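Q: okay, predicted coordinates and the sequence, questions at the end:
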Amino acid sequence: MHAALKRHGVWMIAWGLLSLLGAVLLARNALQQEREAFETNARIAHRLLSQQVVQHDAVLATLALLDANDDSAHPEQRLPSVYPHMLSVQRRARAVLWPDAHLQTLDAQSRQLGHGLLVQTDFAQGRYELMLGALPASYLLKIDIRSMVPWREWPMAPNQGPVRVALVYGGQAFDLQPGRQVPADAPGWHFDFHKVLASPSQPFEMVAQRHVAWGELPWLWMLAWSVLAAALLRMMWVLVRQRDDRHRAEELLRLGQVARLNTLGELAAGMAHELNQPLTAVLANTQAASRLLDDDAPDMQAVRHAMTQAVGQSRRAAEVVGRLRRLVEQPASTQPLQAVSLGDAARKSLYLMEPELKRQQVVVTLKASDVPCWVLADAVALDQIVHNLLMNAAQAMQTTSKAERRLTVAVEPTHSQARLLVQDQGPGIPAEALSRIFEPFFTTREGGLGLGLSLCETLAMGMGGTLSAKNRTPHGAEFCLTLPLAEPTAAAL
Ligand code: ADP
């Protein structure tokens, strides 16, 4: 029964491992998908923002190029009405100075570098100013960051999404979308994206961040997989059980066939004994009848009586022969002796008997060391003896109360021999039967043949061993099979 627990444990561990493996793969897959979606969205957002800031450069450059040196036209003043994120555009005409020296310096620098420069960034207000120094006129563009974002093409839901997107510059950050706020050390997975916008004049860093919490893992799928794994393993378990049962049934059938074959020799000896008596009686009666018929006035009454007796005895003999015919199918064969593990033989017989013992609710204990105890035996004959002893023990305990149905099989090596003990908690063997149970045809069981034990003894002796029986206290029987130990060299073969 310990083995059954062990088997269950193995299935449970297999289920646990399979569930774990599936869960890890599902979680990994989900996280990978989240990461890919995050990175794709972040790249799209970065491209859209870069396009916007590049557009600012282009607008300023176009203004500078198109400047017709006509201070009255002021086409730049119409820009805010076309591009709402361009809050204002200031123009510094040739020979006019900017109101402050800082602007003047930036103007000169910008002209030297040939591209726009940031004048100031006010991320608290979500604004910044961009200047392009050029001749004949320089321009100063004031931009509103929030309205510069092309929200219609934006790849994420700006207010509900879990991703935070911000523009970072000079220690200031402007959140374009807040995302889900979590502490930096929150358990889970953090995805990060940092990339500077593609304009040298507005080198803002776009930062995207996403936190995936444990709760976002695909727990339902994991659970479904675990249930599926349990169902799959259960199916496998049933298949293995079916294969085991088939194997067990085949073994029992084989054992039954061998038993019948081996019984032949035993039966022949028994038959000689059984047939001898009726045949002697037939002979005596027919001889008596023949003598009576020789008389001058034969006593027909006595002749008839003798013949009736002879008929009766012949019938008995015919019955014995009939029984023999039913049992015999093929002649028995004798196998050479070899090194056999006594413990394994006990285990095998217990395995074959397992369903029967379970059905009878017999608690089984096997006391055998893990180190094999090698004996010199005919493996098939040994199987047959152990099987017979177990069957007898199980049958003996049919009348025992269920709580007491205990069967112990012990394998014990002695100095030159090994013993196999089969102990039951049945009623034991009646004192008057103890000396006769190994006789052929001795049985106290209804329907019993009385050949099992006599056959077992013959087989045991054929292998140089012995089979004995005794009663146990307070009740029960113990059968002891001894067999010679195999040579260690033989055992290794
Ligand atoms: P069968 O089982 O056909 O009776 P066996 O040779 O196996 O023939 O057994 C002979 C007899 O020995 C049984 O009828 C029974 O009386 C007795 N016997 C065998 N095993 C046990 C046992 N474990 N406990 C009590 N009696 C037993």
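A: Nice, I can see it. Numbering: from 1, shown residues only.

Q: for the longest helix seen in the chain, what does the pLDDT average out to?
A: Longest helix of the chain, by residue count under DSSP state H: helix 219-294. Averaged across helix 219-294, the pLDDT comes to 85.

Q: please name every helix or strand in contact with it.
A: helix 2-66, helix 300-327, helix 342-359, helix 379-396, helix 452-462 (3 or more Cβ pairs under 8 Å, 6 or more residues apart in numbering; DSSP states H and E). No exception for glycine: its C-beta is placed from N, CA and C like everyone else's.

Q: give me the angle between that helix and helix 342-359.
A: Calculated by axes from the mean of the first three to the mean of the last three Cα atoms, to 10 degrees, helix 219-294 forms an angle of 90 degrees with helix 342-359.

Q: helix 219-294 versus helix 452-462: what angle between them?
A: On the basis of the same axes, to 10 degrees, helix 219-294 is oriented at 100 degrees to helix 452-462.

Q: roughly how far apart are Asp294 and Asn285?
A: Going from Asp294 to Asn285 by Cβ to Cβ, to the nearest Å gives 15 Å.

Q: mind checking which of the two has more residues around it?
A: Regarding Asp294 and Asn285, a neighbour count based on other Cβ atoms under 10 Å identifies Asn285 as having more, with 21 against 8.

Q: the closest residue to that one other than its chain neighbours: neighbouring residues, count only.
A: For Asn285, ignoring the flanking residues on the chain, the nearest one in space by Cβ to Cβ, 6 or more residues apart in numbering is Ala310 at 4.0 Å. Residues lying near Ala310 (other Cβ under 10 Å) number 20.

Q: isn't Ala310 right up against Ala289?
A: Yes - proximity of Ala310 to Ala289 meets the contact threshold set by Cβ atoms under 8 Å, at 7.2 Å.

Q: what about stretch 11-26, average pLDDT?
A: What stretch 11-26 shows for mean pLDDT is 95.

Q: in stretch 350-368, which residues are buried?
A: 350, 352-354, 357, 360, 362, 364, 368 (16 or more other Cβ atoms under 10 Å).

Q: just send the residues you listed back as a markdown table, with distance to Ile385 and pLDDT too.
A: Converted to a markdown table, these look like this (distance: Cβ to Cβ, whole Å; pLDDT from 0 to 100):
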| residue | distance to Ile385 | pLDDT |
| --- | --- | --- |
| Leu350 | 14 | 91 |
| Leu352 | 13 | 82 |
| Met353 | 14 | 86 |
| Glu354 | 18 | 87 |
| Leu357 | 18 | 92 |
| Gln360 | 21 | 93 |
| Val362 | 19 | 96 |
| Val364 | 18 | 96 |
| Ala368 | 16 | 91 |
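
Q: which of those residues are close to the ligand?
A: Near the ligand, judged by Cβ under 6 Å from any ligand atom, there are no entries from the buried residues of stretch 350-368.

Q: may I have the secondary structure class of the residue lying farthest from the centre of the chain?
A: In the chain, counting by Cα atoms, centre = their mean, Asp296 sits farthest out from the average C-alpha position, at 94.2 Å. Using DSSP: H, G, I helix; E, B strand; the rest coil, the structure places Asp296 in coil.

Q: show me the shaky parts of the stretch 351-493 of the chain.
A: 487-493 (pLDDT under 70).

Q: could you rerun that using 90?
A: Scanning the stretch 351-493 of the chain for pLDDT under 90 picks out the ranges 351-356, 369-372, 379-381, 383-384, 414-416, 439-441, 445-452, 454-455, 458-459, 486-493.

Q: get me the contact residues on it for the ligand.
A: Contact residues, the stretch 351-493 of the chain versus the ligand (Cβ under 6 Å from any ligand atom): 392-393, 396, 424, 426, 428-429, 433, 437, 442-445, 448-454, 477.

Q: how about the residues of the protein by the ligand?
A: 392-393, 396, 424, 426, 428-429, 433, 437, 442-445, 448-454, 477.

Q: rerun at 8 Å
A: Counting by Cβ under 8 Å from any ligand atom, the residues of the chain close to the ligand are 388-389, 391-393, 395-396, 422, 424, 426-430, 433, 437-438, 442-445, 447-456, 469, 476-477, 479.

Q: which of these count as buried?
A: For these, buried by 16+ other Cβ under 10 Å: 388-389, 392-393, 395-396, 422, 424, 426, 428-429, 437-438, 442-443, 449-456, 469, 476-477, 479.

Q: so where's the stretch 1-150 of the chain uncertain?
A: Applying pLDDT under 90 to the stretch 1-150 of the chain flags the ranges 1-9, 62-84, 91-100, 114, 134-137.

Q: I'd like the distance between the residue farthest from the centre of the chain and the ligand.
A: Distance of Asp296 to the ligand, given as Cβ to the nearest ligand atom, to the nearest Å: 53 Å.

Q: where does that residue fall, phi/psi-wise?
A: Phi and psi for Asp296, reported as degrees, to the nearest 10, are phi -60, psi -50.

Q: check the stretch 51-200 of the chain for the residue nearest the ligand and tell me.
A: Pro187 (64.9 Å; Cβ to the nearest ligand atom).

Q: looking at the residue lying closest to that residue once chain neighbours are set aside now. What's its pLDDT?
A: Among residues not flanking Pro187 along the chain, Trp214 sits closest, at 6.2 Å (Cβ to Cβ, 6+ apart). Listed pLDDT for Trp214 reads 94.

Q: distance check, Trp214 against the ligand.
A: 62 Å.

Q: looking at it, that residue is touching Val182, isn't it?
A: No - between Trp214 and Val182 there is no contact under Cβ under 8 Å: 11.9 Å.

Q: so what sits against both of these two?
A: Contact criterion Cβ atoms under 8 Å, 6 or more residues apart in numbering; residues shared by Trp214 and Val182: Gly188.

Q: so for these two, which sits in the more crowded spot?
A: Between Trp214 and Val182, Val182 has the larger neighbour count (other Cβ under 10 Å), namely 17 against 11.

Q: ok so, going back, now the two most distant members of the buried residues of stretch 350-368.
A: Gln360 and Ala368 (22.0 Å; Cβ to Cβ).

Q: done for today, thanks.
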